[in-house]
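Participant: quick one: sequence and predicted model below, then my questions.
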Amino acid sequence: MSRKGKVLVAMSGGIDSTVTALMLHEQGYEVIGITMKTWDYAGSAAPAGKKETGCCNLDSFNDARLAAVQHNFPHYILDIRSEFGDAVIENFVDEYLAGRTPNPCVMCNTHIKWRALLKRADALDCEFIATGHYGQVHLHTNGRFFISKGIDETKDQSYVLWGLQQDLLKRTLLPLGTYRKSEIRQMAHDFGYPELAKKAESYEICFVPDNDYRGFLKRRVAGLEEKVAGGWFIDKEGKKLGQHKGYPFYTIGQRKGLDITFGKPVYVTSINPEHNTVTLGDEDELNQTQALVTKINWVKYEGITNGMEATTKVRYRDNGALSNLYNEDNGITVRFYEEVKGIAPGQSAVFYEGNDVIGGGIIQRNGILH
């Protein structure tokens, strides 16, 4: 029996999750490593010659298992491809077909990875689950568990963790949240894994390792190109500007790859799947002062009072903007103090109080809400 308890650690084979497991092991936890296979890239309709990458790489599985063997703790591989495909991939496809821009990492963390971890933690009598995310879990005086930013602002991942509910947070350990990435690399050296410290990090979507989401959609949805061909680029007045390749192949804020020229930069400002139109405009037409956010998960508090001030982030690499939050029957209206560029339906909006996550949700609409 360990002096600190039993913890199930999600191990991808990368530096962050490996150091997480070894750190907790060194601190006196009884560690069990688990690697989740979420996607079978080799068995998918993928371009010839492409290999599995990221969390689905066989080499990464072996790296995770080797670290566990060398430090004398158990390691298992968990196949969650069916769960992942049903929830994450189908949502990814459905959102693009609805003219929105999804964030599959948020969907995976919220509905798949943590739930799968907790289920197996219970089966293995583990008190805790742990991951290599850069964030912190705290207990508020109001009795609620909440996420705070990791101290390394360049690596902070609190934005993708807003969907974690209380039963998950109260059993979650995020030991990397109080360290900088440079310190984690040094720890990998100190643990005897210098090559791991140099291992390249993947920023791709695990099931789109070539970063070509358009190609993925075409392979995933039979006849998609034919179904959406012949749509129009239009301006904000509805004037036709030229034909496009199909509305799912464009995202809010896109400037490159439009295959249409006007002698000046133009941007995708809105997408209408019903009419297969993509609106183009100047850069300043991307600016909005409001958004409707739905599918809310409150973290730090059970809810908010109307007009509560928060810093709202509308994308992962966003610095956030001051706003007021207002309760609606179907979500939250966010009113920004100043214009915010490129608010994209389908992306997450996460509300912060200082470094703490108040809650978050999915952007349903942007602009003036009626």
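Facilitator: Perfect, thanks for sending it.
Participant: switch to C-alpha atoms for all contacts and neighbour counts from now on
Facilitator: Noted.
Participant: the bottom helix or strand of this structure by mean pLDDT?
Facilitator: Every helix and strand in the chain was compared by mean pLDDT, DSSP states H and E; the lowest is helix 194-198, with a mean of 81.
Participant: so how far is the helix or strand that comes right after that helix from its chain's centroid?
Facilitator: For helix 194-198, the succeeding helix or strand toward the C-terminus, using DSSP states H and E, is helix 213-220. Offset of helix 213-220 from its chain centre (Cα atoms, centre = their mean, to the nearest Å): 19 Å.
Participant: I'd like to know which elements the helix or strand following helix 213-220 is packed against.
Facilitator: Moving toward the C-terminus from helix 213-220, the next helix or strand (DSSP H and E) is helix 224-228. Helices and strands touching helix 224-228, by 3 or more Cα pairs under 8 Å, 6 or more residues apart in numbering; DSSP states H and E, are helix 213-220.
Participant: got the CA positions of the helix it packs on in CSV?
Facilitator: C-alpha atoms of helix 213-220 as CSV (Å, rounded to 0.1, in the frame of the first residue of the first chain):
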residue,chain,number,x,y,z
TYR,A,213,-9.0,18.2,-42.5
ARG,A,214,-10.6,18.8,-45.9
GLY,A,215,-9.1,15.6,-47.2
PHE,A,216,-10.3,13.8,-44.1
LEU,A,217,-13.9,15.0,-44.7
LYS,A,218,-13.8,13.9,-48.3
ARG,A,219,-12.6,10.4,-47.3
ARG,A,220,-15.0,10.2,-44.4
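Participant: so how far is the least confident helix or strand of the chain off the chain centroid?
Facilitator: The answer for helix 194-198 is 25 Å, by Cα atoms, centre = their mean.
Participant: list the buried residues of it.
Facilitator: 196-197 (16 or more other Cα atoms under 10 Å).
Participant: one more: stretch 218-227?
Facilitator: 218-220, 225.
Participant: most widely separated two among those?
Facilitator: Spatially, the most separated pair among the buried residues of stretch 218-227 is 220 and 225, at 11.2 Å (Cα to Cα).
Participant: mind listing the shared neighbours of the two?
Facilitator: Common contacts of residue 220 and residue 225 (Cα atoms under 8 Å, 6 or more residues apart in numbering): none found.
Participant: no further queries at this time; thank you.
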